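A.B. asks: with the input below, show me the fold.
(2 chains)
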2 protein chains.
Amino acid sequence: GAGFCAIPFKQADQLTHDSLIKRAASLVTDSSTSFLSQATLALIDATTDYSKAVHTLIALQKRYLDALGKLSAAEEDTIWQVIIGQRAEVNDRRDECARFESTWVSAAKLCETAAEAAYVSGAEHASITMRTNMQVAQAQVDEARKLSAEAERKLAESKVMEVERMSQYVTSLENKDEEEVPEAYLRED
Amino acid sequence: GAGFCAIPFKQADQLTHDSLIKRAASLVTDSSTSFLSQATLALIDATTDYSKAVHTLIALQKRYLDALGKLSAAEEDTIWQVIIGQRAEVNDRRDECARFESTWVSAAKLCETAAEAAYVSGAEHASITMRTNMQVAQAQVDEARKLSAEAERKLAESKVMEVERMSQYVTSLENKDEEEVPEAYLRED
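C.D. replies: Numbers count the residues shown, from 1 in each chain, chains lettered A, B, ... in the order given. Next up, the predicted model:
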């Protein structure tokens, strides 16, 4: 233990206001970076969940449309319950995305301010590191936003398909009705 | 040691994105508060130093003016060296105030952003605590600014006094010169 006494103590006068401010600014950039990371991870997870929910909904709707006219009323009802549940799930996941998106925007704004404050305080290194971290987070969130936009696009496509398929089905039903009309007509006569 | 096993472990599923974001936001408000404190202390100290430097300068100038005409050229020169040195000191202290003032403004802006981010992240308590700390810092800085303004005012007053006193002195010298003119006139003739 005695050997350690040879290590010189840092002098107390190094703790100037400037150095204390610089340290404090670095702690702010550290914690802001960590906050941005949490917000980024949350937004990415929420977007992934939303995207998954959308794909599940599309798959369910497709299965329903493919089976149109081949289902009993009870089967149709069961599938509809599942589809309605999945639509609620999609809405919940979309709300969560919006919530984490606003947290992320807030975190990014905070990091911007923290980087400026660090720079003003002479903690240039912390400021530069922070900006690099912000760029990485921005790139990750851009990817997540693409995923989300892709999900939105597929959902819109599937709605168009659903409307087309339903109108085809209704037309085929009407055609059947027309074919059946003479018989019914005859029966009524 | 075995007795502690009765304490239930916190469940891992409590570490949701929301709770992690909230914690991260709290760390940001903590570090921002600490940064603001350092900036506040630095600004108060710088202002106190500036104010002291101004008062010393005013005292030196007053002593010089009181002694006007009673000093040898060498004594006058020495006092002037001290006054010039003290004026440089006042300027340095004023620059330091301006520097810490800009750090403080930056820190206050950061705290504002951190409080918003904490609020958005559901860390309302951290947000409220932060705002209280900001008010305290603001009050301290307002006091420091008053001190600084008071020093500025005294410095301006002393400049007016110096100009008046110097012009009186110059007038009295001119009067002496006029009295001396006839003698010189006679000698030159």
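
A.B. asks: and the most centrally placed residue in chain A, how far from residue A:118?
C.D. replies: Nearest residue to the geometric centre of chain A (C-alpha atoms, centre = their mean): residue A:47, 2.0 Å. Distance of residue A:47 to residue A:118, given as C-beta to C-beta, to the nearest Å: 30 Å. Every C-beta, even on glycine, is put in place using the N, C-alpha and C of the backbone.

A.B. asks: repeat for residue A:48
C.D. replies: 32 Å.

A.B. asks: let me know whether residue A:96 touches residue A:50 as I believe.
C.D. replies: Yes - using C-beta atoms under 8 Å, residue A:96 makes contact with residue A:50 at a distance of 7.2 Å.

A.B. asks: follow-up on the earlier one: what residues are up against the residue lying closest to the residue nearest to the centre of chain A once chain neighbours are set aside?
C.D. replies: Excluding the flanking residues, the one nearest residue A:47 by C-beta to C-beta, 6 or more residues apart in numbering or on different chains is residue A:144, at 4.1 Å. With contact set as C-beta atoms under 8 Å, 6 or more residues apart in numbering or on different chains, residue A:144 has these partners: A:43-44, A:47-48.

A.B. asks: how about a cut-off of 10 Å?
C.D. replies: Residue A:144 makes contact with A:40, A:43-48, A:50-51, A:97, A:100-101, A:104, according to C-beta atoms under 10 Å, 6 or more residues apart in numbering or on different chains.

A.B. asks: are any of these buried, and which?
C.D. replies: A:40, A:43-44, A:46-48, A:50-51, A:97, A:100-101, A:104 (16 or more other C-beta atoms under 10 Å in any protein chain shown).

A.B. asks: now name the helix or strand holding the residue nearest to residue A:47.
C.D. replies: Following DSSP states H and E, one finds residue A:144 within helix A:124-188.

A.B. asks: centre of the chain to that helix, how far?
C.D. replies: 16 Å (C-alpha atoms, centre = their mean, to the nearest Å).

A.B. asks: quick one: mean pLDDT over that helix.
C.D. replies: What helix A:124-188 shows for mean pLDDT is 83.

A.B. asks: repeat that for stretch A:39-58.
C.D. replies: 96.

A.B. asks: what's the burial count for residue A:17?
C.D. replies: 19 (other C-beta atoms under 10 Å in any protein chain shown).

A.B. asks: find the nearest non-adjacent residue to it, please.
C.D. replies: Residue A:17 sits nearest to residue B:42 (C-beta to C-beta, 6+ apart), 3.6 Å away.

A.B. asks: check which element follows the strand or helix carrying that neighbour along the chain.
C.D. replies: Per DSSP H and E: residue B:42 is located in helix B:17-66. Sequence-wise, the next helix or strand downstream of helix B:17-66 (DSSP H and E) is helix B:73-120.

A.B. asks: is that following helix anywhere near chain A?
C.D. replies: Yes - for helix B:73-120, a contact with chain A is found by C-beta under 10 Å from any C-beta of the partner chain, at B:96, B:99-100, B:102-120.

A.B. asks: export stretch A:120-139 as CSV, just CAs?
C.D. replies: Taking C-alpha atoms only, stretch A:120-139 is exported to CSV below (Å, rounded to 0.1, in the frame of the first residue of the first chain):
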residue,chain,number,x,y,z
VAL,A,120,-20.0,27.0,-25.4
SER,A,121,-18.5,25.5,-22.2
GLY,A,122,-15.3,24.5,-24.0
ALA,A,123,-16.2,20.7,-24.0
GLU,A,124,-15.7,20.6,-27.8
HIS,A,125,-14.9,16.8,-27.7
ALA,A,126,-18.2,16.0,-25.9
SER,A,127,-20.0,18.2,-28.4
ILE,A,128,-18.5,16.4,-31.4
THR,A,129,-19.1,12.9,-29.9
MET,A,130,-22.7,13.9,-29.3
ARG,A,131,-23.2,15.1,-32.9
THR,A,132,-21.8,11.7,-34.1
ASN,A,133,-24.2,9.8,-31.8
MET,A,134,-27.1,12.0,-33.1
GLN,A,135,-26.3,11.2,-36.7
VAL,A,136,-26.3,7.4,-35.9
ALA,A,137,-29.6,7.7,-34.1
GLN,A,138,-31.0,9.8,-36.9
ALA,A,139,-30.0,7.1,-39.5
